[in-house]
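Undergrad: sequence first, then the predicted structure, then my questions.
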Amino acid sequence: MCVSCTHFRPNAHPREDRPHHCAFVDAPLGARHLRLECHEHEAAAAPQAAAQFLRFSRP
Ligand code: SF4
């Protein structure tokens, strides 16, 4: 769910073991922390979601 969330900041912390960031809780996220279910998830608009997916898949 994180990759499609408006609060997700993919690869915001390059070269760290928790490279992603959740702006909702203001905390870094590792791959193991990405959520499949999250009550705070807010769907990003399509252009934001597409850009996030690209940044997530190509750090
Ligand atoms: S609010 Fe939930 S779904 Fe959205 S980025 Fe944070 S942890 Fe992921």
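TA: On my side now, so go ahead.
Undergrad: residues from this protein in reach of the ligand?
TA: Proximity of the chain to the ligand, by Cβ under 6 Å from any ligand atom, involves residues Met1, Cys2, Cys5, His7, Phe8, Cys22, Phe24, Arg35, Cys38, Glu40, His41. All C-beta atoms are positioned from the backbone trio N, CA, C, and that covers glycine.
Undergrad: residue closest to the middle of the protein?
TA: Computing the C-alpha centroid of the chain and ranking residues by Cα atoms, centre = their mean puts Phe8 first, at 3.1 Å.
Undergrad: now a PyMOL select for only the buried ones of the residues of the chain next to the ligand.
TA: Only the buried entries of the residues of the chain next to the ligand go into this PyMOL selection, using 16 or more other Cβ atoms under 10 Å:
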select buried, resi 2+5+7+8+22+41
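Undergrad: just the residues of the chain next to the ligand: which are in strands?
TA: Under the assignment DSSP state E, the residues of the chain next to the ligand contribute Phe8, Cys22 to strands.
Undergrad: pipe the residues of the chain next to the ligand into TSV and attach pLDDT per row.
TA: Formatted as TSV, these follow (pLDDT from 0 to 100):
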residue	pLDDT
Met1	91
Cys2	95
Cys5	97
His7	98
Phe8	97
Cys22	97
Phe24	98
Arg35	93
Cys38	96
Glu40	97
His41	97
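Undergrad: would you point out the most distant pair within the residues of the chain next to the ligand?
TA: Largest separation among the residues of the chain next to the ligand by Cβ to Cβ: Met1 and Phe24, giving 11.8 Å.
Undergrad: re earlier: if the residue nearest to the centre of the chain is in a bridge, with which residues?
TA: With DSSP bridges as the criterion, Phe8 is bridged to Cys22.
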